[in-house]
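Participant: 3D, please:
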Amino acid sequence: MPVATLLPFTATPNRKSAGPTSFRLTEKFILLLVFSAFITLCFGAIFFLPDSSKLLSGVFFHSPAVETNTRTGPDSGDSGSAGNDERVLAKIRKDHEKALLEAKDTLQKRPEELNQEIMNDKAKVAKDSMDQDGKDANNLPVVQYQRPPGATGHEPLDPETRDRRTKIKEMMKHAWDSYRRYAWGSNELRPVSKQGHSSNLFGSIKGATIVDALDTLYIMEMFEEFDAATDWVDKNLDFKVNAEVSVFEVNIRFVGGLLSAYYLSGKEVFRRKAVELGEKLLPAFKTPTGIPWALLNLKSGIGRNWPWASGGSSILAEYGTLHLEFMHLSKLSGNPEFAQKVMNIRKVLNRLDKPQGLYPNYLNPNSGQWGQHHVSVGGLGDSFYEYLLKAWLMSDKSDEEGKKMYYDALQAIETNLMRKSSSGLTYIAEWKGGLLEHKMGHLTCFAGGMIALGADGAPSDKTGHQMELAAEIARTCHESYSRTALKLGPEAFRFDGGVEAIATRQNEKYFILRPEVIETYMYMWRFTHDPKYREWGWEAVQALEQHCKVEGGYSGIRDVYASTPNHDDVQQSFYLAETLKYLYLLFSDDDHLPFDHWVFNTEAHPLPVIKKDRTDPDRPNEVE
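Facilitator: Numbers count the residues shown, from 1 in each chain. Below is the predicted model:
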């Protein structure tokens, strides 16, 4: 027994303890002997019991594995207790060494490896808990998640490129932090007045900026911000609303954003929310032709078209920009209805005669006939053509129907709409009943990137020609920027009355942080590595920082030809989803979201290529 424990009995008591009741020295000695005998009896009982080592191991180690392995069966006898003791001690040492090795191995793993192990464990738990139909608690099929390559990238080796990429990440942080501080949960931010902003496009659904920015945050490795956004989606994103929404806008921003976040991170909450919203949008297709309504009440399922649309028609760019998301919804939900709905749209279009091979912007969902013969590769038409090409690419180039429709449409566009100005600028005009309007919208500037993306799949004698067209359109759109006072492009620009690539009407001079010109720069850089595209992108960065950045975020501008900016006080959600993402990728290596594994929806949300099993044509495609 340690000396310290004897002190209370051997030390001379102080004055405060002296008195009639104090122990004398002889009594203390007797008490000490009694106490020592008691301790000896206790320990002796333990050691001389038949299973003393098992009792000690249970008391001191509390090891479930040991307790299980040291239970004796009905045939066990005392004669084997010594052997059992040795086995128990060996088992304890072995378990201890194994635990130390596992801990050391875990500490040496990279964070992404640990995250992947966690995801695999979660998938296993989900698989173990599924019901007899192979569905999880949310009635979704269990999907073995596998992240496609290039979800995050490496730092560029070139110092200047690395610094520029870092700058764009700082811009994203300023835009996000401002939204989070002043408008958290609202659809968008008013950066000048520092408050939330809501558009009627989303009805009473909230959080458009959060959902739109999810993949950008992940791609830029802003994981703390991504986790905060994920938590908001899990707890607050609600589609059970009695409100009318734009089917097109909700699909490309919310469904596309959720799908992309799922494929990048593997978090089930995004798959669940995407499928839930997709199911809410299905009633929009309840028309005589299956061409969906533009507007839908999510609670009642009642749809209608925009009052201003020609003859109550649906819009080409709206009903034609559902394909990518709905194919993935079928893949992730096990419900073929999503894919059937968008494939039916093609059947309707293929039955119709196309004037000059062109697709008019208006189609009546009741009669299945074209409305007003107005054709545009900009607003009202743009992303329909984009989705034909990307449907083929996303199918691992197995969707031959989508491919043919795209290249036929592109040939008709080149023949009927593409023109050159007197100074040699190539532009894409608009077609109204056979007459050309020599105007090109900022939205149309995406076409340079689209044509470059599709050039490789064109007939070999047309690949070079299409790349030349893409480069010419990129140059024209750059000119629309460089010819303004603020070096930011107008909403639309014209080629008539002696002007070229300049907006002539006041309602066309605004800039709302649109991404289409930057998008084309990014594609052209990937395919050519011509440094001018990065220089043009950097010019846009400098203009955004100088004229659009305010204390509370980034704002659009009412007139890009004015010497000083007049802010419109809206930070559009697509600024975070598209403009900043395309800028970041422009200054990233090509293996960051590589095009052979990812396809971007029209809101710049990357979706994986659905890889075709070449060995078994009857086997469904798999997402890589």
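
Participant: Do a quick rundown of the helices in the stretch 501-624 of the chain.
Facilitator: For the stretch 501-624 of the chain, the helices defined by DSSP state H, counting those that start in this stretch cover 516-528, 531-543, 573-574, 580-586.

Participant: same question, the stretch 251-400 of the chain
Facilitator: 256-265, 268-281, 316-319, 323-333, 337-351, 382-394, 400-416.

Participant: Make CSV out of the ones you listed and add mean pLDDT, distance to G556 and mean neighbour count.
Facilitator: Quick note: C-beta positions are derived from backbone N, CA and C, even for glycine. Compiled in CSV, the helices of the stretch 251-400 of the chain are given as follows (pLDDT from 0 to 100; distance: least, CB to CB, whole Å; neighbours: other CB atoms under 10 Å):
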stretch, mean pLDDT, distance to G556, mean neighbour count
helix 256-265, 98, 21, 27
helix 268-281, 98, 27, 22
helix 316-319, 98, 21, 26
helix 323-333, 98, 26, 24
helix 337-351, 98, 32, 17
helix 382-394, 98, 19, 24
helix 400-416, 98, 29, 18
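
Participant: so which of the ones you listed comes closest to W431?
Facilitator: helix 400-416 (6.2 Å; CB to CB).

Participant: Following element in sequence after that closest one, please.
Facilitator: strand 418-420 (DSSP states H and E).

Participant: which other residues reach that following strand?
Facilitator: 426-429, 436, 438, 469, 495 (CB atoms under 8 Å, 6 or more residues apart in numbering).

Participant: Among the residues you listed, which lie within strands?
Facilitator: 426-428, 436 (DSSP state E).

Participant: Among the residues you listed, which one lies nearest to G185?
Facilitator: Checking the ones in strands among the contacts of strand 418-420 one by one against G185 (CB to CB), the nearest turns out to be I428, at 39.3 Å.

Participant: who's in contact with the closest one?
Facilitator: Applying CB under 8 Å, 6+ apart, the residues near I428 are 377-378, 413, 417-418, 440, 444, 447, 473.

Participant: now the ones in strands among the contacts of strand 418-420 as a markdown table including pLDDT?
Facilitator: A markdown table is the format used below for those (pLDDT from 0 to 100):
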| residue | pLDDT |
| --- | --- |
| T426 | 98 |
| Y427 | 98 |
| I428 | 98 |
| L436 | 97 |
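
Participant: right, and out of these, which lies closest to L259?
Facilitator: I428 (29.8 Å).

Participant: quick one: the closest one from E603, how far?
Facilitator: Taking CB to CB, to the nearest Å as the measure, I428 falls 21 Å from E603.

Participant: hmm, back to that, can you tell me which of the contacts of strand 418-420 is nearest D590?
Facilitator: L469 (22.2 Å).

Participant: tell me the contacts of the closest one?
Facilitator: Taking CB under 8 Å, 6+ apart, one finds 414, 418, 426, 451 in contact with L469.

Participant: how about stretch 471-484: buried residues?
Facilitator: 471-481, 483-484 (16 or more other CB atoms under 10 Å).

Participant: what about it, average pLDDT?
Facilitator: Average pLDDT, stretch 471-484: 98.

Participant: so where's the stretch 51-200 of the chain uncertain?
Facilitator: Where the stretch 51-200 of the chain drops to pLDDT under 70, the residues are 51-88, 91, 96-117, 119-138.

Participant: Go again with 50.
Facilitator: Within the stretch 51-200 of the chain, the segments meeting pLDDT under 50 span 51-80, 129-133.

Participant: Report how far apart the opening and closing residues of stretch 297-314 are.
Facilitator: 16 Å (CA to CA, to the nearest Å).

Participant: contact partners of that stretch?
Facilitator: With CB under 8 Å, 6+ apart as the criterion, stretch 297-314 contacts 203, 205, 239-245, 247, 280, 283-284, 286-287, 291-296, 315, 361-366, 371-372, 374.

Participant: Next up, phi/psi of P515, please.
Facilitator: With angles defined as degrees, to the nearest 10, P515 sits at phi -100, psi -10.

Participant: Report the separation between it and D613.
Facilitator: Applying CB to CB to P515 and D613 gives a distance of 35 Å.

Participant: Which one of these two is surrounded by more residues?
Facilitator: P515 (25 against 12; other CB atoms under 10 Å).

Participant: The closest residue to the more buried one other than its chain neighbours: neighbour count?
Facilitator: Leaving aside its sequence neighbours, P515 sits nearest to E578 (CB to CB, 6 or more residues apart in numbering; 3.6 Å). Look at E578: counted by other CB under 10 Å, it has 25 neighbours.

Participant: Residues contacting stretch 440-450, please?
Facilitator: By CB under 8 Å, 6+ apart, stretch 440-450 touches 376-379, 382-383, 385-386, 389, 427-429, 470-471, 473-474, 476-477, 480, 489-495, 501, 511, 514, 516-517, 519-520, 522-524.
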